[in-house]
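[1] Any chance you could fold what I've pasted below:
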Amino acid sequence: MLLSSKYPSPTLRDRALETTLRERRQRLAALVNFPVILWSGAPLSRNFPANRYPFRSSSHFLYFAGLNLPNAAIRLDSGKLELFINDPEPGDALWHGEQPKRHELARLIGADAAFPLTELASRTGGAATIALPTTAAQQALLLGRSISEPTNPQGIDRELVRAIVAVRLTHDPAALAELRSAAAVSTEAHKAGMAATRNAQTEAQIRAAMEGVIISQNMTCAYNSIVTVRGEVLHNEQSYHPIASGDLLLADVGAETPNGWAADITRTWPVSGTFSPTQRDVYDVVLAAHDRAITEVRPGVEYRNIHLLASRVIAEGLVDLGILLGNPEDLVETDAHALFFPHGVGHLLGLDVHDMEDLGDFAGYEKGRARSDRFGLCFLRLNRPLKTGMLVTIEPGFYQVPGILNDPQNREKYQGVVDWERLAQFADVRGIRIEDDVLVTEDGSEVLTAALPTEAGAIEDLV
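    Residues are numbered from 1 along each chain as shown. Next up, the predicted model:
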């Protein structure tokens, strides 16, 4: 389901975009009393200038400009928008076809004025910005001042970051339409991957089936796909391993719409089509944590508490399986569960798969809060009360990471709470993760990815 199908004509679609963008910049104007200049960024090349990587505008630019435009900037002031972009060069049409002119782009996004980039230098006085890796030097030159990293902004740039976080933390109807579209396509991609498994010999063949669905819907991958039998490697982007009937395959794959909105889904399934008894036991523990966590998603709930709940459920399950020894509450308090569940239970989702994490912890952490140095909490990406309109992931997991389990300090610290001989009986469980995209609604939550089953029997049926 593509966004274009939501509107009966290009005219109505353009009007909807213009209206949405006007509402977004009005929300920003209510929070800042100074001009704001946001750059889209510049394309990067590989090996030679004409061989470019696919371009993607800065998400902050994209949120207020609505179009993926390279080498562009917008100036926002009191709810008004000025677009700065050069018209296409006459020779560009030979290689890229006819491209829209500046005035046409301005009309699409409801800009109040549009100028060539050379005019921007005269309009930068008193403006705040967010530095981009590809244009930071140009930004500093035009603004006539130094610009700090976006994770540590200063002065009015810091005020701008906090204002943008406040605006982007919750999603408007236009954003939700895109996010639902990304979720629907991602769901179909996972189903295609499960169906392709029976005839596949390598991870790459399954990955190709999944990414093919995304490409066929004129979308791109929101991040580098993880499709692997080495699920204990948390961000394993290698897909060259052969697959065998006793393996579990972990697939973390999500689509991104043409306008930049992301989905993020993980499923784990048996290559053979049937979980082994040990795989099923651990899978059900992770699923219980996943389900319990989702039931707690609603306005006002602290996301940190959802993470701790998932941690306790995993600890309880591992105690029942004889892998961990002791009281589950105590095991979580001493971070013993993090030997097998070392990451946070999820993150914000929106224009980026880890939404606004280019701003460090400004988005993920409520003002005045800082990351814990505890083993079981230091990787928590979101620590704030949930609000209606926020979209988060819920993704507990179980992993046997050699670097964690074989670490001498961990062995010594947790020697009395891990039954290592019992753990060895679960050698065919390298990594399991179950991830869904969950919208916070007025009275609870909605799982945008609910069309993709999580129950073990249903997963086996799809494979």
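[2] can you pull the buried residues of the longest helix seen in the chain?
    The longest helix of the chain (DSSP state H) is helix 173-197. Across helix 173-197, burial judged by 16 or more other Cβ atoms under 10 Å covers 174-194, 196-197. (Glycine included, C-beta is placed from N, CA and C.)
[3] looking only at pLDDT, what's the mean for that helix?
    Within the predicted structure, the mean pLDDT of helix 173-197 is 98.
[4] same question, stretch 61-69
    Per-residue scores along stretch 61-69 average to 97.
[5] How far off centre is the longest helix of the chain?
    Relative to its chain's centre, helix 173-197 lies at 14 Å (Cα atoms, centre = their mean, to the nearest Å).
[6] which helices and strands does it pack with?
    Contacting helix 173-197 under the criterion 3 or more Cβ pairs under 8 Å, 6 or more residues apart in numbering; DSSP states H and E are the following elements: helix 10-29, helix 203-216, strand 248-253, strand 255-256, strand 265-270, strand 436-441, helix 456-462.
[7] any idea of the angle that helix forms with strand 248-253?
    Comparing the axes of helix 173-197 and strand 248-253 via axes from the mean of the first three to the mean of the last three Cα atoms, to 10 degrees yields an angle of 150 degrees.
[8] quick one, strands of the stretch 51-200 of the chain?
    Assigned strands in the stretch 51-200 of the chain, in chain order: 73-77, 80-84, 113-115 (criterion: DSSP state E, counting those that start in this stretch).
[9] To residue 155, which of the ones you listed lies closest?
    Proximity to residue 155 (Cβ to Cβ) singles out strand 73-77 among the strands of the stretch 51-200 of the chain, at 17.4 Å.
[10] What lies in contact with that closest one?
    Residues outside strand 73-77 that contact it (Cβ atoms under 8 Å, 6 or more residues apart in numbering): 25, 28-29, 34-40, 61, 64-65, 81-85, 111, 117, 120, 123, 127.
[11] Just the pLDDT for the most far-flung residue of the chain relative to its centre.
    Ranked by distance from the centre of the chain (Cα atoms, centre = their mean), the top residue is residue 90, with 38.0 Å. What the model reports as pLDDT for residue 90 is 85.
[12] if we can go back for a sec, the longest helix of the chain versus strand 265-270: what angle between them?
    20 degrees.
[13] Can you show me the helices along the stretch 351-463 of the chain?
    With DSSP state H, counting those that start in this stretch applied, the stretch 351-463 of the chain shows helices at 402-405, 408-413, 420-424, 456-462, listed in chain order.
[14] Mind exporting the C-alpha coordinates of the second one to PDB?
    Extracted C-alpha coordinates of helix 408-413, given in PDB (Å, rounded to 0.1, in the frame of the first residue of the first chain):
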ATOM      1  CA  PRO A 408      36.200 -13.300  32.600                       C
ATOM      2  CA  GLN A 409      34.600 -10.500  34.700                       C
ATOM      3  CA  ASN A 410      31.100 -11.600  33.800                       C
ATOM      4  CA  ARG A 411      32.000 -15.200  34.600                       C
ATOM      5  CA  GLU A 412      33.200 -14.300  38.000                       C
ATOM      6  CA  LYS A 413      30.400 -11.900  38.900                       C
END
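[15] What residues sit buried inside that helix?
    Quick answer for helix 408-413 (16+ other Cβ under 10 Å): 410, 413.
[16] contacting residues around stretch 213-225?
    Contact with stretch 213-225 is made by 2, 54, 182, 185-186, 188-189, 192, 207, 210-211, 237, 239, 251-258, 262-264, 352-353, as judged by Cβ under 8 Å, 6+ apart.
[17] Tell me the pLDDT of the closest residue to residue 57 other than its chain neighbours.
    Closest residue to residue 57 apart from its sequence neighbours, by Cβ to Cβ, 6 or more residues apart in numbering: residue 40 at 4.1 Å. The model reports residue 40 with a pLDDT of 97.
[18] do the same with residue 85
    Residue 85 is assigned 98 on the pLDDT scale.
[19] Residue 238 too?
    In this model, residue 238 is scored at 88, pLDDT.
[20] now this protein, which segments are flagged as low pLDDT?
    Within the chain, the stretches with pLDDT under 70 are 1-13.
[21] got the contact list for the nearest residue to residue 152 once chain neighbours are set aside?
    Nearest residue to residue 152 in three dimensions, chain neighbours excluded: residue 360, at 7.1 Å (Cβ to Cβ, 6+ apart). For residue 360, the contacting residues are 150-152, by Cβ under 8 Å, 6+ apart.
[22] which among those end up buried?
    So, by 16+ other Cβ under 10 Å, the buried ones in these are residue 150.
[23] how about the contacts of residue 360 in a markdown table, adding distance to residue 272?
    Shown next, in a markdown table, are these (distance: Cβ to Cβ, whole Å):
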| residue | distance to residue 272 |
| --- | --- |
| 150 | 46 |
| 151 | 45 |
| 152 | 50 |
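[24] For residue 282, the count of nearby residues, please.
    Using other Cβ atoms under 10 Å, residue 282 has 26 neighbouring residues.
[25] so which strand or helix has it?
    Counting by DSSP states H and E, the element that carries residue 282 is helix 277-295.
[26] which of the strands of the stretch 51-200 of the chain sits most buried?
    Of all the strands of the stretch 51-200 of the chain, strand 73-77 carries the top mean neighbour count, a mean of 23, counting by mean count of other Cβ atoms under 10 Å.
[27] Return the alpha-carbon coordinates of that one using CSV.
    This file holds the C-alpha atoms of strand 73-77, laid out as CSV (Å, rounded to 0.1, in the frame of the first residue of the first chain):
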residue,chain,number,x,y,z
ALA,A,73,17.8,24.8,2.4
ILE,A,74,14.7,26.2,4.0
ARG,A,75,14.3,29.2,6.3
LEU,A,76,11.5,29.1,8.8
ASP,A,77,10.4,32.2,10.6
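[28] Mind listing the strands that strand pairs with, and their directions?
    Strand 73-77 has its sheet partners listed here by DSSP bridges as strand 36-39 (antiparallel), strand 80-84 (antiparallel).
[29] and residue 338, which of the ones you listed is closest to it?
    When those are ranked by proximity to residue 338 (Cβ to Cβ), strand 36-39 comes first, at 38.2 Å.
[30] what's the closest one in contact with?
    28, 58, 60-61, 64-65, 72-77, 120, 123-124, 127-130, 132, 135, 138-139, 143, 160.
[31] Residue 158 - how many residues pack around it?
    14.
[32] So it versus residue 149, what's the distance?
    For residue 158, the distance to residue 149 equals 12 Å [Cβ to Cβ, to the nearest Å].
[33] Identify the residues contacting the residue nearest the centre of the chain.
    Centroid-nearest residue in the chain, with Cα atoms, centre = their mean: residue 353, separated by 1.4 Å. With contact taken as Cβ under 8 Å, 6+ apart, residue 353 is in contact with 222-223, 254, 256, 262, 264.
[34] Pipe those residues into JSON lines and attach neighbour count per row.
    Below are these laid out as JSON lines (neighbours: other Cβ atoms under 10 Å):
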{"residue": "222", "neighbour count": "25"}
{"residue": "223", "neighbour count": "17"}
{"residue": "254", "neighbour count": "28"}
{"residue": "256", "neighbour count": "24"}
{"residue": "262", "neighbour count": "28"}
{"residue": "264", "neighbour count": "29"}
